[in-house]
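A.B. asks: This is a predicted model, with the sequence first.
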Number of protein chains: 2
Amino acid sequence: MSPRDQMRKGSTEILILSLLKKRSMYGYEISQHLARQSDGYFEMKEGLLYPALHRMQQNGWLSSDWRVVDGRRRKYYSLTPLGQKVLDEQAAEWKMFLEKLHALLGGNEIWAG
Amino acid sequence: MSPRDQMRKGSTEILILSLLKKRSMYGYEISQHLARQSDGYFEMKEGLLYPALHRMQQNGWLSSDWRVVDGRRRKYYSLTPLGQKVLDEQAAEWKMFLEKLHALLGGNEIWAG
DNA sequence: ACCTATACATAAGTTTATTAGGTATAGAGG
DNA sequence: CCTCTATACCTAATAAACTTATGTATAGGT
């Protein structure tokens, strides 16, 4: 329904990586978790989430294993050591980005308050 | 050369709008200003900048006028009242986004320091 | 028997960004 | 005069990410 704001594009990977740092999760769980924890703000559609998970696994950032829990078949994803490293890098990049953005736009009263 | 980080992708419009809030600028000036003020961090390529300016003018966020300064022909862009409004909205959305992101990921020591 | 929630997945289309060009002029240095 | 660099605009082809719209399957409730 409501299209993602432009800025939310680009946050997909770090959101997934960050959640998986805490514990292994499966796709549906990730999307529910994101939506609930952010009061519906982060709604990651399946058409974005699943391809992203596949891509990240392809990159070697994630590993996956099928489990059956409560009679339900789920594909759990976990961070690989490389995924850990990528998370740290992406977090550093986010920090840099926010600093640079703030330095540039900080003069605008927009960012006050 | 160096590809933009994923996260920098959604910042195009607010960067342009914020610069133009202070004063009218022309395309080349915007790109130089961004690069210099951020120590080369924000390098907005012409292939992104000019179509963005055209799109934003099409949307009614910007107006433009040609001027000749120092014997050089330049197309100056200015914020329209609608552009002002859009800037305020986008700034509010950015604030919300950063709050939500921080709330979700803040538990990770990644964001500390 | 039907409906909803859970759970995975992909294909088609849109938007945005990158790459790689093209045109034109001013000014500096040979 | 010629060439090179910086200035200054622009667009077309490609790539990447996101949205929308489906499709499949099963568990559990009514």
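C.D. replies: Right, received. Where do you want to start?
A.B. asks: SS state for the residue in chain A that DNA strand D sits nearest to?
C.D. replies: DNA strand D sits closest to residue A:47 of chain A, with a gap of 1.9 Å, by Cβ to the nearest atom of the strand. Just so you know, the C-beta spots here come from the backbone N, C-alpha and C atoms, and that holds for glycine as well. Three-state secondary structure (criterion: DSSP: H, G, I helix; E, B strand; the rest coil) places residue A:47 in helix.
A.B. asks: residues near it, how many?
C.D. replies: Around residue A:47 there are 8 other residues, counting by other Cβ atoms under 10 Å in any protein chain shown.
A.B. asks: go on, residue A:30?
C.D. replies: When neighbours are counted by other Cβ under 10 Å, residue A:30 registers 19.
A.B. asks: Quick one: classify it as helix, strand or coil.
C.D. replies: Under three-state DSSP, the three-state class of residue A:30 is helix.
A.B. asks: What is the end-to-end distance of stretch A:13-33?
C.D. replies: Across its full length, stretch A:13-33 reaches 15 Å end to end, with Cα to Cα, to the nearest Å as the criterion.
A.B. asks: buried stuff in it?
C.D. replies: Going by neighbour count (16 or more other Cβ atoms under 10 Å in any protein chain shown), the buried part of stretch A:13-33 is A:13-21, A:24-27, A:30-31, A:33.
A.B. asks: for stretch A:69-77, same thing?
C.D. replies: For stretch A:69-77, a neighbour-count test (16+ other Cβ under 10 Å) marks A:74, A:76, A:77 as buried.
A.B. asks: Now do the buried residues in the lengthiest helix in chain A.
C.D. replies: Selection of the longest helix in chain A by residue count, based on DSSP state H, yields helix A:81-105. Applying a neighbour-count criterion of 16+ other Cβ under 10 Å, the buried positions in helix A:81-105 are A:83, A:86, A:87, A:90, A:91, A:94, A:97, A:100, A:101, A:104, A:105.
A.B. asks: Could I get the contacting residues of the closest residue to the fourth one other than its chain neighbours?
C.D. replies: Setting aside the residues directly before and after it, residue A:90 is nearest to residue A:14 in space (Cβ to Cβ, 6 or more residues apart in numbering or on different chains), at 4.9 Å. Under the criterion of Cβ atoms under 8 Å, 6 or more residues apart in numbering or on different chains, the contact list for residue A:14 reads A:87, A:90, A:91, A:94, B:7, B:105.
A.B. asks: Many thanks, we can stop here.
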